[in-house]
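Undergrad: What would the 3D arrangement of this be:
(one chain, ligands or ions: 2)
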Amino acid sequence: MLTVDKGIQYLQGAGAKITATRIAILKSLENRRDHPSAERIFMDLKLFCPSLSIATVYSTASLLARGSLIRVLSIDEKKVCYDPNTEPHGHFMCRKCKRVFDVPFRFELGAAADASGEIASVEDAEIFYYGLCARCERS
Ligand SMILES: [Zn+2]
Ligand SMILES: [Zn+2]
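TA: Ligands and ions are numbered 1, 2, ... in the order given. Purely as a prediction, here's the structure:
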């Protein structure tokens, strides 16, 4: 799970300048469960960080993703979403409200390696489920 401290340490190591806006982006991602898009983070922070640009959100997120501190999800074809939880888990997107929820894996990563002789080890996996969330089904 991404923390502000881990993020700062990594960005410093990667040679990135630690600015107030970058710290605000890290704070916004820390403990976040709703898989925000770059636009969402930008909208949330713009008020408090007038100097923030969407390009800074993208560049900071891609640095963090390169260091495996966050996960970049392509579950929504219209926009990328960020996940500070880098433990293997699946995702569900409601086709109506577009909210993205965590879904636990129902199988072991190692099972994929067993299936063919070609794969030595599986380190990560991505599973996307699509459907209706309980709230949208009721409405
Ligand atoms: Zn929904
Ligand atoms: Zn997630």
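Undergrad: isn't Tyr58 right up against Ser37?
TA: No. Using C-beta atoms under 8 Å, Tyr58 is not in contact with Ser37, being 10.4 Å away. All C-beta spots, glycine's among them, are computed from the backbone N, C-alpha and C.
Undergrad: So between these two, which is more surrounded?
TA: More crowded of Tyr58 and Ser37, by other C-beta atoms under 10 Å: Ser37, with 20 against 14.
Undergrad: separation between Ser74 and ligand 2?
TA: 13 Å (C-beta to the ion, to the nearest Å).
Undergrad: Without its sequence neighbours, what residue ends up closest to that residue?
TA: Val80 (6.2 Å; C-beta to C-beta, 6 or more residues apart in numbering).
Undergrad: OK, contacts around the one you found?
TA: Ser37, Ala38, Val72, Leu73, Ser74 (C-beta atoms under 8 Å, 6 or more residues apart in numbering).
Undergrad: For whatever helix or strand Glu137 lives in, what does the pLDDT average out to?
TA: Using DSSP states H and E, Glu137 falls within helix 134-138. Averaging pLDDT along helix 134-138 gives 96.
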